[in-house]
Structures are given as structure tokens and as C-alpha cells.
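# fold the stuff below for me.
(chains A and B)
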Amino acid sequence: MTQPTRPTLDRRQLLQGLGAAASLPLLGGLAAPAFANGGDGRVVVIGGGFGGATAAKYLKRGNPALQVTLVEPQSTFYTCPFSNLFLGGLREMESIAHGYDELRDRYGVEVVHARAEDIDPVAHKVSLTGGRELAYDRLVLSPGIDIRWNALEGYDEAAADLAPHAWKAGPQTRLLKEQLEGMEDGGTFVMVAPANPFRCPPGPYERASMVAHYFSQHKPNAKVLILDAKDNFSKQGLFTAGWERLYGDRIEWVGLSGDGRVTRVDAANREVETEFGTRHQADVLNVIPPQKAGWIADRAGVTDDSGWVPVQPATFESTRVPDIHVVGDATIAAPMPKSGFCANAQAKVAAAAIVAALAGRSAPEPYWTNTCYSLVGPEYGISVAGVYRLADGQIASVEGAGGLSPMEASDEVRRMEAQYAVGWYNAICQDTWGTEA
Amino acid sequence: MSYPSPLTTRLALAGALLFTAPPLLASDAWQRLEPARALVGDAVPEGDGLVLELPHVSEDGSAVPLTVRFEPVLEDDAIASIHLFATGNPYPEVAGFHFTEQAARPEVSTRVRLNESQRVVAVAVSREGRVWTSEREVRVTVSGCLIRGDEETPEALANPRVSLPDFRAGEPGEVRTLITHPMETGLREGPDGEVLPRYIIETFRVSLDGETAFEAELHPSVSANPYLRFYLTPQAEGEALFEWQDDSGERAEYRAELTLS
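Sure, this is the predicted structure:
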């Protein structure tokens, strides 16, 4: 990280810059924050996925004197990236599991396995299950997504036990795999795909590919039907060509204008109904429902009426609540997609901004990169890459940078991209949790 | 939000004090649009009542979901039409919707094309000549993962779809329609580099027993495969005729028998 060359602010100026806090009795807590128990400041990070774990690590890398606490209920994190490969029979769940030992032991992050239940942004406090309270000078939220239960008629938590979403890796992923394994040959796997924005834009189509691969090995007469609430999807041309090449007509995709938008789910009967009344019977039903920022973002007061979190692009600090930075899928960061790679990149920007702010410096100018690899088959990879930077205070794609895999390419190119995907996965997990994949 | 949070209110206050958002501009973008000025005429536009719903940020400018509705019930008056404009598009006119007593609930959803980040404007006109305006700023950006190759051109006027509710006499029932059509703007180049000629559906009409109940005029800023969601208030049972007419003179229709419960 290079040092900023701009004139720096001292802490007093910084606090004055935050809007004459002293004149607001409401914000009394803000005027006299922190640093009370020594150190260079206290940062609490909520969420141990790509965004949160990266933020915790890079905060300590940026300033080892910071007191950094990572709050994550689970001791093992399963990544959504590569969870489709488990469904396809290419990997075991253990291979996408990551822990927090290295963050704790090597970087000195305090890892607390509890759930954050509430946030008091005025008093700068997080309360955890079990009654513990954590005070912070800066808070990082990486809450991921929550499902909007009942936003799609008939799809509630009980329905997810029958028609899994598997859009958070873990028990839901295992349930979907069990259902696929238990399905009769000749059956139909129906996937309901959501409108934008949602976590991992190419994810549904990689999943359809991996399920088709599994069928080609074990259930040669089974079909895949995707009912989509969109007319276009990520890497559509590449996916469509790959499906034809590897799976013939096994995968059928019905878009929005073909009456693909599902408006009602009957999970008990594994039946869905579309906007114009077409009913589809599934043998295995996978509903990827509408989503929103993870619940704790609501408690912090950082979400807007879209259900997602607006942020200041240069720092990923909330536009609504001071001293709370939000990264990852929960944020409104378009054109950056909701991906693990972006969460990792945004977390580094937030960490650098926090380290600078707590030291009384201004944040370095950020830029971000993203690559989404998808496997169409075990030896058939495709990708899209983007580079982003600030333009007029907003995140903008850098013209001419990044791009898609070529439409016409040899099997060798596709095979190499499948290998790069594995290399990418290992590298980003190493960077995030420090654990070998 | 499904989780009540007393904190949110407290915070909204603190947030508003600390990060003062730029003030919303008065609803005046219509003044820069000739067709909107013609609609407003000498009337003084009113603000409250006309609601325009669009995402703050759209990741696909080729089909941005939009809903417009007029909420208050007017005494001895009714909304006759609502018009949509996209101020940053080459052709700002998007669509006009005409309501009758058999389409008495002025609310329409559709999908529109937005060329760039811009302000979208709605103008509502009542039978007595009152006018309301509303506008929304939309940021259009293409999500990095959504970059895609060439799209297939849909077949024109194939497959008209209509979804009808169980109507009750005198009560508005939600109707949805969808039809395939490229809605070629006349601005786009084809694969050979030649500009593709304009080719759009221009009108959509619903008639109940021969009498027009709801009508929409569509412009090139309506997305391919036009989708419309609106309300009909049939007064009696009878035949409903749905018609789409494009600028090549071709038309498609869909007929249904309406029953009231």
C-alpha cells in the first residue's frame, strides 16, 4: 500500500470534518470515541466470508496495532464459489470449507464465534448472542445476502426444506445434492432464476451446467429446465454454446419474454406457475429467490428501500451511518457484480480507508478488479473479467479492460480456463482465509 | 423492511444530519421536453399523487422495470392519461396510457430502455385538465458479469400472452400482457454495419364488447417484447379483445370471454 501524498488531517480535524459532531447531543458518543484502551483503534468486523475475513486480515496487515475482532457464528465457512462443483460431483464439501485459524494465529485477529444481534451506531456498540458487547471505532459489515421470504409467492423458510435455494453454501447445498442423487433417471431438474440484482450473476447457469454434467454421468435421460425472470444473463452466449457442445439439448432455458418468470411456488408438489399461467412439474426443484442485504445491515440502519446498502465508493463507508463500512454482496456497487472476488477487493479498499482514517490520513484512491470463472463442464471453463475505478465519485468500468472468453475457441482453451478457475479459487481463498483449498 | 427497527429511525436522523443529501430538485424536468410541455399546456402541475417506481440503479438498461400509478381518488374527475418520458434517450417519448371508466385504476407497469443514467418523467392528465408530474433519477450501469454477446432477434408479433384475473363487477382486476417483437429503434446497427430500420409496435388496445377500455401508444424506448400490466374494470360480461399493431401494418390479437363473479 503506498502512502498518500496528499496533506494529511489530524484526528481532530477529521472529527470536525464529520459534521460538527460536538453540536449534536445525539452524537455525543462520537465526539469522544475510542482509543481508550490503548492501541490505535478498535475495529469490529461482522461476517467471516470473502469480505469480512479479507477485511480483518488486511486491517491487521495495514496496522498490526489495531484491535480487530471478527464476529462469525460458524467456525467453518463454505464458499458459494465452487459449491456448484460439489453438485456436479467434482468436489467434496470439505474442499470448499475454510476456517479462521490463520487469521487468529498469524494475524492476531480476535475471532468470536457468535451472532451479532444488534448494532447501536450512536454508542458505537455491537451486541452479540450471549450478551457480550463490543465497542468499535469503525465497524465493517460483510453480511452477505438474506432471502426475501415470500417475495415469491409460496416460497418461505419451510418451502426451502422441500425446494432448496442452495444460494448460501452449506446444509442447503447438501440437501440439493441429496435430492439430485435420489431423483429417478428421466426426471426434470427445474431451476427458478431471479431478476437482477442477485448474488453471483453467472451462478445459476454454472449450476445448471454442473447438474447437466452429473446427469450425463448418472441419469442419462434426465433434463434441466431453467425458468428465468430475465431475458439476458451473464456470459449467455458462452454458456449456450457450451451447453450445446457438451450436453446437446439436455438444458432448456426459458427467459422472461418466453413466460419464464415464476410467480408462484408449490414446494410440497414441486410445481411452479409462471406469470402467464404455465405450470411446470419438477422432480427436483431449486428456487433461487429474490434477495436483499443480510439482516444485520437492517439493524445497523444502512440499507435503503431497495433492501441493499448504498456506500461511498472510495471507502465503502455507508452513505447513511458514519463509521460503518459495508462490503460484498450486501452493497450497491454496480457495475461491480455481487461476487466473492468483488467482496475481497472491496474489503481491501475498506480496510485501507479505515487504517488511514484511524491514523488521521486520507484514504488512498482505490481501484478494483473482478474475474468470474464458470465451469460449463469439468474441462470447459469460461470467464468474464472487469477493472473498475472511480469516475465522478462513482464506480465505473475501465473501458477496454477485462472482457469475456472468446466465443470461438478450441477445446484446449476451454480446458485451460477450467484449470485457471481452480487456480483462481485456491488463490482467493488463500488471500481471504489463508487456508489452502 | 420486515424487521421493525427502532434504531433505524434514530439513525436516519443522525445520518441525515451528518451526511446531508443534495436536495431533490423540483419536479421540473418536463419543462425541457416539448411533448410534455404540450401536455401540460397552461395548467400548473401538481406534485402529490403521481407515483413513479423505478430502481435507483439498473444493471440492464435494455429492460428497466417501471411502474407508474396515480393514487388519490379524484372527485368528479378522473385520470385520462399518463405519459412517460426518458429525458436522456434519443427519443424521449416512452409511452402514453389512456384510461376509461372500464380501466378506472390508473396504474401501469412495463419495461423500458434507458440509454444512460437519467431522469425519467411521468405526466398525468385528468379529464378536467388538471396535470400532475413526477420524476425519478435512475443510474444505469452494466454489471460486470452481465457483459454478453449478440442477442437473438425475437420474431415479431408471435405468441401474444394475456393473464386475466377473476373479475368482480365494478372492481379493478390486474391484467398482464406480453408479446414478442424486436421493437427495433431505428438507431441500431445490424451485423453488416447497416442501420436497422425502425420497426416497433405502435399501439396496444383492449376493447370490451367493441368499446375501447384501455389503450397504450408505444415508442422505441419500450423494451423488446413489450410487457404491460394494468387494470380493467369491466362493467358487464362480454368479449375482451386485445390488439397489438406495429408500424409495418401487421397486427396480432387475443380474444377472451370475460365472466364476472
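# ok, B:His181 to A:Arg148 distance?
Separation of B:His181 from A:Arg148 (C-beta to C-beta, to the nearest Å): 32 Å. Every residue, glycine included, has its C-beta placed from N, CA and C.
# more crowded one of these two?
B:His181 (25 against 15; other C-beta atoms under 10 Å in any protein chain shown).
# low-confidence ranges in chain B?
Within chain B, the stretches with pLDDT under 70 are B:1-27, B:143-152.
# closest to the centroid, which residue in it?
Nearest to the mean C-alpha position of chain B, by C-alpha atoms, centre = their mean, lies B:Thr110 at 4.5 Å.
# next up, the contacts around it.
B:Thr110 is in contact with B:66, B:95, B:222-223, B:226-229, counting by C-beta atoms under 8 Å, 6 or more residues apart in numbering or on different chains.
# CSV for those, including neighbour count?
CSV is the format used below for the contacts of B:Thr110 (neighbours: other C-beta atoms under 10 Å in any protein chain shown):
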residue, neighbour count
B:Leu66, 26
B:Ala95, 23
B:Val222, 28
B:Ser223, 25
B:Pro226, 23
B:Tyr227, 21
B:Leu228, 24
B:Arg229, 17
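# return the member of those residues nearest to B:Thr212.
Closest to B:Thr212 out of the contacts of B:Thr110 is B:Leu228 (14.9 Å), distances taken as C-beta to C-beta.
# and the helix or strand the closest one falls within, what other elements does it pack with?
According to DSSP states H and E, B:Leu228 maps onto strand B:227-232. Contact partners of strand B:227-232 among helices and strands, from 3 or more C-beta pairs under 8 Å, 6 or more residues apart in numbering or on different chains; DSSP states H and E: strand B:107-112, strand B:173-178, strand B:201-208, strand B:211-218.
# run through the helices of the stretch 101-250 of chain A in chain order.
A:101-105, A:157-162, A:171-182, A:203-218, A:236-247 (DSSP state H, counting those that start in this stretch).
# and the last one, how far out from the chain's middle?
Chain-centre distance of helix A:236-247: 25 Å, with C-alpha atoms, centre = their mean, to the nearest Å.
# same deal with the first one?
Here helix A:101-105 shows a centroid-to-chain-centroid distance of 22 Å under the convention C-alpha atoms, centre = their mean.
# which residues touch that helix?
A:53, A:56-57, A:70, A:109-111, A:433-435.
# how about that helix, which residues are buried there?
Under the neighbour-count criterion of 16 or more other C-beta atoms under 10 Å in any protein chain shown, helix A:101-105 has A:102-103 buried.
# need the CA coordinates for it. CSV is fine.
C-alpha atoms of helix A:101-105 as CSV (Å, rounded to 0.1, in the frame of the first residue of the first chain):
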residue,chain,number,x,y,z
ASP,A,101,-7.1,-20.3,12.5
GLU,A,102,-4.7,-18.3,10.4
LEU,A,103,-6.5,-15.1,10.9
ARG,A,104,-6.3,-15.7,14.7
ASP,A,105,-2.8,-17.2,15.0
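# pick out the lowest-pLDDT one from the contacts of helix A:101-105.
On pLDDT alone, A:Thr435 ranks lowest of the contacts of helix A:101-105, at 63.
# still on that earlier bit, kindly reformat the contacts of B:Thr110 as TSV containing distance to A:Met191.
Below are these laid out as TSV (distance: C-beta to C-beta, whole Å):
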residue	distance to A:Met191
B:Leu66	27
B:Ala95	33
B:Val222	29
B:Ser223	24
B:Pro226	27
B:Tyr227	22
B:Leu228	27
B:Arg229	25
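# what sits against the spatially closest residue to B:Thr133 that is not a sequence neighbour?
Sequence neighbours aside, B:Pro45 is the residue nearest to B:Thr133 in space, at 4.3 Å (criterion: C-beta to C-beta, 6 or more residues apart in numbering or on different chains). The contact partners of B:Pro45, by C-beta under 8 Å, 6+ apart, come to B:27, B:30, B:123, B:131-133.
# how many residues are close by the residue nearest to A:Ala293 when sequence neighbours are not counted?
With sequence-adjacent residues excluded and distances taken as C-beta to C-beta, 6+ apart, A:Ala293 is closest to A:Ala330, at 3.6 Å. By other C-beta under 10 Å, 31 other residues sit near A:Ala330.
# bridging residues for residue 125?
Unless you meant another one, I'm taking chain A. On the basis of DSSP bridges, A:Lys125 is bridged to A:Asp120, A:Ala135.
# looking at chain B here, not the other one
Beta bridges link B:Val125 to B:Ser81, B:Val131, judged by DSSP bridges.
# and the gap between it and chain A?
B:Val125 sits 28 Å away from chain A, going by C-beta to the nearest C-beta, to the nearest Å.
# can you give me the neighbour number for that residue?
20.
# my guess is it meets B:Ser81, correct?
Yes. Counting by C-beta atoms under 8 Å, B:Ser81 is a contact partner of B:Val125 at 5.2 Å.
# find the nearest non-adjacent residue to the residue positioned nearest the centre of chain A, please.
In chain A, the centroid-proximal residue (C-alpha atoms, centre = their mean) is A:Asp329; its distance is 4.0 Å. The shortest distance from A:Asp329 to any non-neighbouring residue, by C-beta to C-beta, 6+ apart, is to A:Lys338 (4.1 Å).
# on the three-state scheme, the one you found is what?
On the three-state scheme (DSSP: H, G, I helix; E, B strand; the rest coil), A:Lys338 is labelled coil.
# residues in contact with residue 127?
Answering for chain A, as no chain was given. A:116-120, A:133-134.
# wrong one, I was asking about chain B
Counting by C-beta under 8 Å, 6+ apart, B:Arg127 touches B:77-80.
# hmm, 6 Å instead?
Counting by C-beta atoms under 6 Å, 6 or more residues apart in numbering or on different chains, B:Arg127 touches B:77-78, B:80.
# ok, it to A:Gln291 distance?
43 Å.
# could you do A:Val71 as well?
Relative to A:Gln291, and taking C-beta to C-beta, A:Val71 is found at 22 Å.
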